Each structure stands twice: as structure tokens, then as C-alpha cells.
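[1] Could you work out the structure for the sequence below:
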Amino acid sequence: MRVLHTAAEVFPLVKTGGLADVVAALPAALRGQGVDARLLLPGLPALMGVLEGRERIAELGSVFGAAGVRLWRGQLAGGPSVPAYLVEAPLLYRRQGGPYSDTLGRDWPDNLQRWGLLGWAAAQLAGSGLDPDWAPQVVHAHDWHAALACAFLRMHPVASVQSVYTVHNLAYQGLFALQDHALVGLSASFLHAEGLEFHGQLSCMKAGLQYADRVTTVSPGYASEIATPAFGHGLDGVVRARGAEVSGILNGIDEQVWNPAADGALAACYDVSRLAGKAACKAALQREAGWAAHPQTPVLAVVSRLSHQKGLDLLLQALPALLPLGVQLVVQGSGEPALEQAFEQAALAHPGQVCAFIGYDEARAHRLIAGADALLMPSRFEPCGLAQMYAMRYGTLPLVRRVGGLADTVSDAGDGGGAAAASTGFVFDDASPEALVAAVARAVACYRELGAWGARQRHAMTQDFSWAGPARRYGELYEELLTARVRASGQVASSSPASASTKAAA
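    So this is what the prediction gives:
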């Protein structure tokens with residue numbers, strides 16, 4: 001089975017969030033199960049510069065306003081061990097800043113062309129024989145940046161190719177002026193409410209939701225939530241209309257990258273049977289935050305994009321009631337300027353209890369997750385979340401709101417009795433500072449009971465969040481699609497006039 005995964009980023013070379021982790025790990029896990037999975041990525045400088053064994057597969061000419069567009073094949077040094085195709089378009093991809101915005105955080109004005117080209121290239125690779133040695137049977141597009149692949153495949157169907165679209169975060173939809181459809185060669189026949197039109201704009205997200213053969217999300221809980229007005233961001237009707245063609249498959253984590261027993265970023269390594277190293281990591285984290293090492297003080301961590309979605313404004317509102325509980329809080333992240341400034345101010349106001357690292361540092365993220373006692377994720381919505389799974393693997397108990405993938409991965413059987421042994425963290429319901437404070441108070445009380453805390457910690461560390469299970473379920477989904485396509489083709493052939501006349505003649 002041949003599967004092409006197309007996306008805007010891949011860990012560790014280009015990363016703005018969990019999408020990059022999934023794009024690196026899932027194709028590799030599929031290859032481990034016998035699927036010929038490959039990547040198609042934009043020719044960003046961080047990727048073009050590390051493409052080894054490169055072969056020029058095709059000259060694509062001048063498309064989407066870019067001249068000299070080429071398709072290359074090779075292997076990404078320092079990236080996943082998966083064959084990769086890169087779309088080289090210097091005018092669109094070779095620039096300073098991030099994959100979606102400039103150095104000042106402003107969206108690139110030509111993002112429709114930049115990501116339209118990626119989707120178009122996926123459809124071309126699937127249907128035009130660009131690579132004489134390989135063509136996908138399934139195109140798997142990730143999030144809105146790759147979603148137009150599904151529309152291009154619908155415009156020019158390829159009988160042997162099926163498409164899967166994964167929603168990583170429905171809140172980010174890729175909205176552009178409707179009249180700009182011509183910039184990427186989309187047919188005007190797609191510009192209606194049952195197509196790409198969304199409140200007078202062109203929605204890339206709808207390209208995947210409407211035109212993919214199957215739609216997945218990154219957790220079962222989120223698949224249910226996005227079919228509701230509360231979480232659907234105006235697209236819940238589209239999701240409901242797809243019915244059983246929408247499903248949730250929980251993400252996994254890369255257990256080689258996130259392994260406390262062999263993590264070179266840590267002050268000391270450890271595992272569930274040797275937890276002394278975790279105490280050393282906690283002491284090192286407290287020193288890194290500028291505090292004295294106090295093993296009895298509960299350390300809470302946040303490793304997150306700083307945004308309203310993540311509920312971190314609730315954490316700021318909760319601080320006056322949280323800090324008297326005797327906790328320390330260390331935050332790493334970047335995002336909304338107001339939240340960045342508020343956490344910096346909180347650190348200045350409470351230097352003995354709050355520390356803020358603004359920005360993202362991968363090694364420090366490992367140190368924070370290993371050194372903290374609990375990881376806070378008070379999200380308003382969370383499609384899957386990976387940090388809570390990293391935390392459990394490191395014996396750091398997640399404290400989360402009961403939404404999306406957080407509800408799917410963190411168990412909280414309550415307090416007392418045998419509840420601790422059946423729990424992996426702490427869960428609360430209301431998106432309010434009061435509910436967050438109550439959950440933290442409960443966690444602190446559990447922390448004071450070493451037996452109860454240790455039981456939750458050991459249960460958390462033994463959870464299986466590897467990619468083996470999710471990869472197997474994706475493989476089954478691909479097989480189901482291809483089998484259905486073969487069956488449908490057979491039915492069409494057997495019911496055609498030519499087939500009927502042949503039977504009559506026989």
C-alpha cells in the first residue's frame with residue numbers, strides 16, 4: 001500500500017505545534033507496519049538545506065505565480081526516516097520568518113498560493129505520473145495547509161487514488177477572499193456553501209471536510225465535539241453531514257524522542273522502577289528557574305502555546321488563589337503578546353514562585369516536563385494534546401480540563417480508596433479559574449500523600465501511547481477505502497451496458 005502524507009511542517013526541522021510531531025511519527029510508524037508511506041512537504045529553507053540524496057523528479061514550470069517550480073525526492077537529514085518529496089518554489093517558500101508568517105508574526109499575504117501549491121503538487125504526484133517509480137494510492141492531507149489537495153483531486157479524479165483528511169485544529173481554517181480562487185486554479189463551480197464558500201470567504205478547511213473520501217480527527221472525543229455548535233467553529237453542520245465518514249484516531253507519541261530512561265536533555269535519567277532521577281530533575285529545574293531546590297514544594301509546569309484556546313488566561317486569573325497553596329509555577333511558551341507579558345509580569349511579582357520562559361526551546365521543554373510534579377492544561381478545547389502524554393511517560397501528572405483528547409487520555413477516578421491506582425492525573429470540567437483552583441488544591445492534597453501520588457504516577461508511566469496502535473488503525477482505514485474503491489469499480493463494470501451485452505452474447 002502506497003500512502004502520501006502532505007503537510008506544512010515536520011519535527012524537528014519545521015515545527016510550530018503538535019502537527020509537526022504527528023507528521024514525523026505517523027508515516028514512520030506506518031512504514032514499520034509494512035506501508036510504503038512517504039512525505040510531501042514545502043521547500044522551506046530548513047528542509048531544502050537538509051535534503052540528502054536528492055533527485056529532481058519533475059520540472060513543474062511556472063505555477064501559482066512562482067517560476068521554476070521543481071519537485072525533488074530524497075531523505076531529510078535529522079528528520080524522520082521516511083522518503084520525502086519537496087516542492088521547490090523559491091519565490092513562495094525561500095524567505096525569513098516562520099512557515100505561515102513573517103518575523104513580526106504577520107501572515108504572509110500569498111499564503112493561499114503557498115499552500116495551494118502544496119495541495120496541487122500532491123494531486124499531481126497522485127495523478128500525473130510525476131515520479132515514474134512511485135505513485136500513491138492514498139493521499140493523506142494534514143490540516144488546512146494541505147487541504148486543497150482534496151479539492152484538486154475532486155476536480156481531476158484519479159480512479160486509483162483515495163484521499164484522507166485529518167483535522168488537527170478546526171479553529172484554524174485557512175480563510176481567504178473568495179475571488180482569489182483563480183490564483184490557485186480552483187474551478188468557480190466549487191464556490192458555493194456545499195463547496196469551499198464559508199460566509200463569503202474561501203475556506204481551505206472545507207476543501208478537506210467536503211471533498212476527502214474520509215475525514216479523521218486526532219482523538220475520538222474531538223471527533224464528537226466538532227459536530228456540535230460549541231466546538232464546530234461554524235463548520236459543525238458540514239461535519240454532521242459527513243456522518244460516519246468522520247472518525248477520531250488518537251495520536252501517539254514518539255517513545256524514542258520522549259523517553260525519560262534515555263533522554264539526554266535531563267539532569268538524570270529514570271524510569272518507573274528507578275524514580276530517583278526524577279527527583280534530581282526536579283532539583284535541577286528549580287535551580288534553572290532561580291529557586292532553591294525544595295523537594296517538598298509541588299512544582300507545576302506549563303509547556304504550551306500561549307493562547308486563549310489553551311485556557312492560560314484562566315491560569316492567570318487563578319494565580320492569586322493558587323500561589324497560597326504553596327506551589328511553584330514554571331511556564332514555557334510563546335503566542336499572544338498579552339499573555340506573554342502577563343506571565344512575565346507574574347514572574348516579576350512573584351520571583352520565588354513563578355518563572356516564565358517566553359519562547360520555545362525543545363530541550364528545555366523536556367527538562368520542564370521531567371522536573372515538574374504536575375503539568376497544567378486548562379484548555380477551552382484540545383483536539384488531542386501531546387504534552388499530557390509526554391508528561392505521563394515522565395511521571396508528571398497532567399491536570400487537565402475534560403475536553404477532546406485530554407478527556408480521552410487522562411483518567412481521574414476521584415480521591416480516596418483505590419482511586420489513585422486507577423488514575424493517571426486530575427480532571428476538571430468548568431472553564432473557570434475557580435474550577436482550576438479546586439483541581440490544583442486536590443492535586444496538592446494528593447501530593448502530600450506519598451502513597452496516593454506514587455500510585456497515580458506509576459499508573460501514568462505504564463500507559464501505552466506509542467504510535468503502533470494509531471498506525472494500525474490508519475492502515476485499516478486505508479485498506480477499507482481501497483477495498484471499497486475496488487468493489488465500487490467492479491459494480492460499475494458489471495452494470496455497464498458493455499458488460500451486460502457481453503453476458504448476453506455468452
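
[2] what packs against the longest strand seen in the chain?
    The single longest strand within the chain, with elements called by DSSP state E, is strand 51-63. Identification of packing neighbours for strand 51-63 by 3 or more CB pairs under 8 Å, 6 or more residues apart in numbering; DSSP states H and E yields strand 66-76, strand 83-88, helix 111-127. The way it works is simple: take the backbone N, C-alpha and C, and place the C-beta from them, glycine included.

[3] So which bits of the first one are buried?
    Meaning strand 66-76. By 16 or more other CB atoms under 10 Å, the buried positions in strand 66-76 come out as Ala66, Val69, Arg70, Leu71, Trp72, Arg73, Gly74, Leu76.

[4] In PDB, list the C-alpha atoms belonging to it.
    Taking only C-alpha atoms (Å, rounded to 0.1, in the frame of the first residue of the first chain), the coordinates of strand 66-76 have been written out as PDB:
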ATOM      1  CA  ALA A  66       6.100  31.200  -8.900                       C
ATOM      2  CA  ALA A  67       8.600  30.500 -11.700                       C
ATOM      3  CA  GLY A  68      10.900  27.500 -11.800                       C
ATOM      4  CA  VAL A  69       8.900  25.200  -9.500                       C
ATOM      5  CA  ARG A  70      10.600  21.800  -9.100                       C
ATOM      6  CA  LEU A  71       9.800  18.500  -7.300                       C
ATOM      7  CA  TRP A  72      12.700  16.800  -5.500                       C
ATOM      8  CA  ARG A  73      12.900  13.400  -3.800                       C
ATOM      9  CA  GLY A  74      15.400  12.500  -1.100                       C
ATOM     10  CA  GLN A  75      15.800  11.900   2.600                       C
ATOM     11  CA  LEU A  76      15.700  14.600   5.300                       C
END
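
[5] ok, back up a step: would you mind listing the outside residues contacting the longest strand of the chain?
    Contact with strand 51-63 is made by 67-77, 84-87, 117, 120-121, 124, 130-131, as judged by CB atoms under 8 Å, 6 or more residues apart in numbering.

[6] Please repeat the previous calculation with a cut-off of 6 Å.
    Under the contact criterion CB atoms under 6 Å, 6 or more residues apart in numbering, strand 51-63 has outside partners Val69, Arg70, Leu71, Trp72, Arg73, Gly74, Gln75, Ala77, Leu86, Leu130, Asp131.

[7] And stretch 203-211, by the same measure?
    Contacts for stretch 203-211 (CB under 6 Å, 6+ apart): 141, 144, 147-148, 150-151, 154, 165, 173-175, 196, 198, 238.

[8] how many other residues sit next to Thr297?
    A count of nearby residues for Thr297, using other CB atoms under 10 Å, gives 17.

[9] before we move on, what about Glu336?
    There are 17 residues near Glu336, going by other CB under 10 Å.

[10] do Glu59 as well
    Residue crowding around Glu59 was assessed by other CB under 10 Å; the count is 10.

[11] who's in contact with Ala84?
    With the criterion set at CB under 6 Å, 6+ apart, Ala84 makes contact with Leu39, Leu76.

[12] The same query, at a cut-off of 10 Å, please.
    5, 10, 27, 38-41, 47, 50-52, 54, 72-76 (CB atoms under 10 Å, 6 or more residues apart in numbering).

[13] what about burial for those residues, which qualify?
    In the contacts of Ala84, the ones that pass as buried (16+ other CB under 10 Å) are 5, 10, 27, 38-41, 47, 51, 72-74, 76.

[14] residues of the longest helix anywhere in the chain that come out buried?
    The single longest helix within the chain, with elements called by DSSP state H, is helix 468-495. Neighbour-count burial for helix 468-495 flags Pro470, Ala471, Tyr474, Gly475, Leu477, Tyr478, Leu481, Leu482, Arg485 (criterion: 16+ other CB under 10 Å).

[15] Now distance to Ala212 and pLDDT too, for those, in CSV please.
    What follows is the buried residues of helix 468-495, written out as CSV (distance: CB to CB, whole Å; pLDDT from 0 to 100):
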residue, distance to Ala212, pLDDT
Pro470, 18, 97
Ala471, 19, 98
Tyr474, 14, 98
Gly475, 17, 98
Leu477, 12, 98
Tyr478, 13, 98
Leu481, 10, 96
Leu482, 15, 94
Arg485, 14, 83
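
[16] For the residues you listed, which two are the farthest from each other?
    Pro470 and Arg485 (22.8 Å; CB to CB).

[17] Could you say which helix or strand holds Gln173?
    Following DSSP states H and E, there is no helix or strand that holds Gln173.

[18] and it, how many neighbours does it have?
    Gln173 sits with 21 neighbouring residues when counted by other CB under 10 Å.

[19] Check the buried ones among the contacts of Ala84 and tell me the two furthest apart.
    So, these by CB to CB: farthest apart are Pro27 and Trp72, at 17.5 Å.

[20] Tell me if Leu47 really is in a helix.
    Yes - according to DSSP: H, G, I helix; E, B strand; the rest coil, Leu47 belongs to a helix.

[21] Next one: it from Trp72, what distance?
    From Leu47 across to Trp72, the span is 10 Å (CB to CB, to the nearest Å).

[22] Which stretches in the stretch 251-400 of the chain count as helices?
    276-288, 312-322, 337-349, 362-371, 387-393 (DSSP state H, counting those that start in this stretch).

[23] Please identify which of those helices is closest to Trp108.
    That would be helix 337-349 among these, by CB to CB, at 19.4 Å.

[24] Could you list every helix and strand in contact with the closest one?
    helix 312-322, strand 328-333, strand 354-358 (3 or more CB pairs under 10 Å, 6 or more residues apart in numbering; DSSP states H and E).

[25] how many degrees apart are the longest one and strand 354-358 in direction?
    Here helix 312-322 points in a direction 160 degrees away from that of strand 354-358 (axes from the mean of the first three to the mean of the last three CA atoms, to 10 degrees).

[26] that older thread, can you redo the helices of the stretch 251-400 of the chain as TSV with mean neighbour count and distance to Ser219?
    Listed next are the helices of the stretch 251-400 of the chain as TSV, based on neighbours: other CB atoms under 10 Å; distance: least, CB to CB, whole Å:
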stretch	mean neighbour count	distance to Ser219
helix 276-288	19	27
helix 312-322	19	21
helix 337-349	16	25
helix 362-371	22	20
helix 387-393	27	11
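
[27] one step back: quick one: the helices and strands packed on strand 51-63 as JSON lines, columns for distance to Pro136 too.
    Output for the helices and strands packed on strand 51-63, formatted as JSON lines (distance: least, CB to CB, whole Å):
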{"stretch": "strand 66-76", "distance to Pro136": "13"}
{"stretch": "strand 83-88", "distance to Pro136": "10"}
{"stretch": "helix 111-127", "distance to Pro136": "5"}
